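[1] Sequence plus the predicted model coming up.
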Amino acid sequence: MLPVVLYNGTTPWRAPREVGDLIAPVGPWLTPYQPAQRYFVVDEQHVGADAVPSGNLMRAVIGLEQSRSPADLTRVANALPVWLAGSENAELRGVFVDWLRSSIEQMLPAGEALPAMESLEEVRMTLEERVKEWPAQWMREGREQGLEQGREQGLEQGLEHERGLLCRMAARRFGAETGERLAALLADITEANHLAEAGDWLVRCDAGDEFLARVELIARS
């Protein structure tokens, strides 16, 4: 028997790995009867995908738990048909379709609706056909919010709102680390047209490092 804990919390797992350490101390006459066994933890938010054998479904679970952008979801959707081939996996395929759909819905631009998806192939095609449109929609939505914020609370607060939105959108597309690095670069940008230029590059760039390099040039101008 192998005890396993599947953990998907945002903070790393820090509880003792020995079952006996999780139980309040008892008198010496009861100690021999207390459980004494280690368990294995899969910390889904922090374990590296390469730590799980290729083809193991936990790799897909970890990929979904760690997905921060449509590109992350696309990688999982592309791998699953191979890992779940065969009629015996039909029910599992349905579970992952529902999970992927739920994850996609969390990233949808405002007003966007998903088509019906009943297979992994339909999920993959939806991601492939529509993901490229989302960054532009996020930016249009963000600029409208930024303009409204600017009218209501003044120019500086409007700019701060746009900086925050750009960071959130960059994190959504390229990952949390890119969003954090972007925040430091945007702090030096005080012109609305320069922030708009950064937003244009967010849509046009295919990689986080390329996008940050473009924003650095804007910040220096």
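    On my side now, so go ahead.
[2] after the helix or strand bottoming out on mean pLDDT in the chain, next one along is what?
    The helix or strand of the chain with the lowest confidence, counting by mean pLDDT, DSSP states H and E, is helix 134-153 at a mean of 56. Sequence order places helix 155-174 as the next helix or strand after helix 134-153, per DSSP states H and E.
[3] For that following helix, what is the distance to the chain centroid?
    Relative to the mean C-alpha coordinate of its chain, helix 155-174 is positioned 17 Å out (Cα atoms, centre = their mean, to the nearest Å).
[4] Now that helix: buried residues?
    Counting neighbours by 16 or more other Cβ atoms under 10 Å, one finds that the buried residues in helix 155-174 are 158-167, 169-174. Just so you know, the C-beta spots here come from the backbone N, C-alpha and C atoms, and that holds for glycine as well.
[5] So which elements touch that helix?
    Counting by 3 or more Cβ pairs under 8 Å, 6 or more residues apart in numbering; DSSP states H and E, the packing neighbours recorded for helix 155-174 are helix 134-153, helix 176-186, helix 192-204, helix 208-220.
[6] Show me the domain layout of the chain.
    According to the domain assignment given by automatic domain parsing, the chain is divided into the following structural domains: 4-131, 154-220.
[7] now the residue positioned nearest the centre of the chain, what's its secondary structure?
    Central residue check for the chain by Cα atoms, centre = their mean: the C-alpha nearest the mean position is that of Arg68, 1.7 Å away. Three-state call for Arg68 (DSSP: H, G, I helix; E, B strand; the rest coil): coil.
[8] again, but for Leu6
    For Leu6, the secondary-structure state derived from three-state DSSP is strand.
[9] ok, it - contacts?
    With contact set as Cβ atoms under 8 Å, 6 or more residues apart in numbering, Leu6 has these partners: 42, 44, 61.
[10] wait, which of those residues is closest to Val215?
    Taking Cβ to Cβ as the measure, Glu44 is the one of those closest to Val215, at 31.5 Å.
[11] quick one: that closest one and Asn8 touch, right?
    Yes. Contact status for Glu44 versus Asn8: in contact at 4.4 Å, counting by Cβ atoms under 8 Å.
[12] more neighbours, those two?
    Glu44 (18 against 14; other Cβ atoms under 10 Å).
[13] Show me where the protein dips below the pLDDT cut-off.
    Within the chain, the stretches falling below the threshold (pLDDT under 70) are 49, 109-112, 130-156.
[14] circling back: which one is the residue nearest to the centre of the chain nearest to, not counting chain neighbours?
    In space, Arg68 comes closest to Gly175 once its chain neighbours are excluded; the distance is 5.2 Å by Cβ to Cβ, 6 or more residues apart in numbering.
[15] can you check Thr10 too?
    Take Thr10 and drop its neighbours on the chain: the residue closest to it by Cβ to Cβ, 6+ apart is Gln45, 6.1 Å away.
[16] Could you report the distance from that neighbour to Glu65?
    Distance, Gln45 to Glu65, using Cβ to Cβ, to the nearest Å: 6 Å.
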